[in-house]
Every structure is written in structure tokens, then in C-alpha cells.
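In: what would the 3D arrangement of this be:
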Amino acid sequence: MHALQDFLSTDYGLMSAAGLAFMLGMGVFFLRYFLRHIREDSEAAERAAHQGRAA
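Out: So this is what the prediction gives:
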């Protein structure tokens, strides 16, 4: 219980909490960013393959 109290009330605990929140936020951002670009690139490759067959 004392560790949780230190985590939420001391300067080093709050800095740790901010660091953890930042890292988790960046992880979510990069996951969404990479998945979006993977999807867009695969759709573009699919369109290019279909245009190559149609021409």
C-alpha cells in the first residue's frame, strides 16, 4: 500500500506515471499508424495488380 501511495503522491512516482502513460499512448499511436499504412499499402498493391491484368 505504501508503494501505491508513493506512486501517486511523490514527484518521482508521478513522473513514472506520466512516463508510463506516455509510452502506452505512443504504443497505441504507432500500432494504429502502422496498421493503417499496412492496410493502405495492401489496397494500393491490390489495385495495381488489378490494373495490370485489365490493361
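In: which parts of stretch 26-38 are buried?
Out: Neighbour-count burial for stretch 26-38, counted by 16 or more other Cβ atoms under 10 Å, picks out no residue. C-beta: built from backbone N, CA, C; applies to glycine.
In: swap that for stretch 17-25, sorry
Out: Buried, per 16+ other Cβ under 10 Å, within stretch 17-25: nothing.
In: other residues contacting it?
Out: F7, L8 (Cβ atoms under 8 Å, 6 or more residues apart in numbering).
In: what about it, average pLDDT?
Out: Averaging pLDDT along stretch 17-25 yields 98.
In: could I get that stretch in PDB with only the CA atoms?
Out: The C-alpha trace of stretch 17-25 is given here as PDB (Å, rounded to 0.1, in the frame of the first residue of the first chain):
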ATOM      1  CA  ALA A  17       3.100   7.500 -14.000                       C
ATOM      2  CA  ALA A  18       3.500  10.200 -16.700                       C
ATOM      3  CA  GLY A  19       6.300   8.200 -18.400                       C
ATOM      4  CA  LEU A  20       4.200   5.000 -18.400                       C
ATOM      5  CA  ALA A  21       1.100   6.900 -19.800                       C
ATOM      6  CA  PHE A  22       3.200   8.500 -22.500                       C
ATOM      7  CA  MET A  23       4.800   5.200 -23.500                       C
ATOM      8  CA  LEU A  24       1.400   3.400 -23.600                       C
ATOM      9  CA  GLY A  25       0.000   6.300 -25.600                       C
END
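In: could you pull up phi and psi at T10?
Out: phi -100, psi 160 (degrees, to the nearest 10).
In: count of neighbours near it?
Out: Residue neighbour count, defined by other Cβ atoms under 10 Å, stands at 11 for T10.
In: grab the longest helix from this structure for me.
Out: In the chain, assigned by DSSP state H, the helix with the most residues is helix 11-54.
In: how far out from the middle of the chain is it?
Out: 5 Å (Cα atoms, centre = their mean, to the nearest Å).
In: so what's the closest residue to S16 other than its chain neighbours up against?
Out: Once flanking residues are discounted, S16 sits nearest to F7: 6.7 Å by Cβ to Cβ, 6 or more residues apart in numbering. Contact analysis of F7 by Cβ under 8 Å, 6+ apart lists G13, S16, A17.
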